[in-house]
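[1] I'd like to go over a predicted model; first the sequence, then the structure.
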Amino acid sequence: MLLVLFSCKKNNLEIINLNNNKIGALGHGGMGIAHTYPMNSFESIQNCLSLGADGTELDVQMTKDSVLVAFHDEWLERVSNTSGQIFNKTWAEIKDAYYTIPLYANYKLVTLEEIFANIKNPQAYTFFLDCKNYKPDTSALYLNTFNNALLKIIDKYQLENNAYIVFKRRDLIKNLKTKQANVKIFAYGDFDYALATVNEFQLEGITNAVDKISKENVITAHNNGTMVAVFNAHSKKKNKEAIEKNVDFIQSDRIRQLCKLLK
């Protein structure tokens with residue numbers, strides 16, 4: 001049976017989705033790639049939220065001493081003044097690290113704790129926590145430590161209704177669901193893999209690049225009761241393409257443009 005939904009219209013486009021027929025406008029690591037503020041910095045996140053975005057995506061990694069850090073790359077040296085991998089560092093070893101690529105000087109790496117502690121009323125926004133589990137560790141100790149750190153942040157800042165955890169690894173999904181069954185999780189990956197993961201673990205949605213998910217994929221997901229989030233909306237054209245696909249959330253590198261398109 002096809003899913004029947006009421007619809008609304010934005011800029012003459014009919015929006016029919018599982019997010020109350022509203023597309024969530026989210027920043028990609030805050031203001032997005034190649035902005036004056038580096039992705040995942042507090043300044044980028046705060047600026048994104050102040051523009052009127054519904055929320056933002058954040059990349060999440062864990063240090064050797066179990067501190068969650070907002071950072072995208074596996075290797076620190078590409079965009080910062082230090083080197084190595086976050087999972088091999090303690091927070092004390094990288095807490096003074098800062099971004100070094102052009103225009104990004106003097107902006108520091110930050111923890112999730114620092115981010116949410118300094119956002120006024122974080123429950124008012126939507127957050128996608130994109131977990132970058134670069135450490136090739138499948139032990140129960142690692143799974144428990146990572147997921148316990150996530151749940152600690154979610155519980156402390158009362159984010160259970162507005163935070164979505166994004167995982168590619170099924171072992172982390174299974175572990176987290178056993179800890180807190182109602183936690184909101186999106187599966188990352190190719191459409192068929194992600195949808196199968198959603199069905200196996202009863203998840204909320206799937207996420208992938210806007211170019212990797214077709215309008216037909218979105219219809220299939222919605223008919224399955226599955227929400228869709230996309231990223232790599234790095235231009236006005238890509239923002240419009242994502243809107244036309246009737247996805248539920250767009251993680252945009254042009255968040256100011258997206259907010260205007262969705263008014």
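    Nice, thanks for sending it over. Computed from a predicted model, the values in this text were never measured in an experiment. Numbers count the residues shown, from 1 in each chain.

[2] my guess is Asp192 is in a helix, correct?
    Yes: Asp192: assigned to a helix according to DSSP: H, G, I helix; E, B strand; the rest coil.

[3] And for it, the neighbour number?
    Residues near Asp192, counting by other C-beta atoms under 10 Å, number 10. Just so you know, the C-beta spots here come from the backbone N, C-alpha and C atoms, and that holds for glycine as well.

[4] just Leu258 next, same as before
    Residues near Leu258, counting by other C-beta under 10 Å: 28.

[5] Kindly report the same for Asn106.
    There are 8 residues near Asn106, going by other C-beta under 10 Å.

[6] Setting the sequence-adjacent residues aside, check what's closest to it.
    Closest residue to Asn106 apart from its sequence neighbours, by C-beta to C-beta, 6 or more residues apart in numbering: Tyr98 at 6.0 Å.

[7] cool, Leu103 as well?
    Thr36 (5.3 Å).

[8] Thr145 now?
    That would be Ser66: by C-beta to C-beta, 6+ apart, it lies 5.4 Å from Thr145.

[9] how far away is the one you found from Asn40?
    19 Å (C-beta to C-beta, to the nearest Å).

[10] Who has more neighbours out of these two?
    Legend: neighbour count by other C-beta under 10 Å for Ser66 and Asn40, higher for Asn40 (29 against 13).

[11] That one belongs to a strand?
    No: under three-state DSSP, Asn40 falls outside any strand and is assigned coil.

[12] Quick one: residues contacting it.
    Listed by C-beta atoms under 8 Å, 6 or more residues apart in numbering, the contact set of Asn40 reads 29-30, 58-59, 70-72, 109-110.

[13] contacting residues around the residue nearest to it when sequence neighbours are not counted?
    Sequence neighbours aside, Ala70 is the residue nearest to Asn40 in space, at 4.0 Å (criterion: C-beta to C-beta, 6+ apart). Applying C-beta under 8 Å, 6+ apart, we find Ala70 in contact with 29, 40-41, 45, 58-60, 109-112, 115.

[14] what's the answer for Ser214, then?
    Counting by C-beta under 8 Å, 6+ apart, Ser214 touches Lys245.

[15] roughly how far apart are Ala25 and Gln202?
    Counting by C-beta to C-beta, the gap from Ala25 to Gln202 is 27 Å.

[16] show me where the stretch 1-150 of the chain has strands.
    Using DSSP state E, counting those that start in this stretch, the strands of the stretch 1-150 of the chain run over residues 8-10, 13-15, 24-28, 55-62, 68-70, 110-111, 126-131.

[17] So what sits opposite the residue nearest to Asn40 in the bridge?
    Counting by DSSP bridges, Ala70 forms beta bridges with Val60, Val110.

[18] Using the three-state scheme, assign Ile165.
    Classified using three-state DSSP, Ile165 is strand.

[19] quick one: it and Thr207, what's the gap?
    For Ile165 relative to Thr207 (C-beta to C-beta), the value is 11 Å.

[20] intersection of neighbour lists for those two?
    Common neighbours of Ile165 and Thr207 (C-beta under 8 Å, 6+ apart) are Phe186.

[21] just to revisit the earlier point, which of Ala25 and Gln202 has more neighbours?
    For Ala25 versus Gln202, neighbours defined as other C-beta under 10 Å are more numerous around Ala25 (29 against 10).
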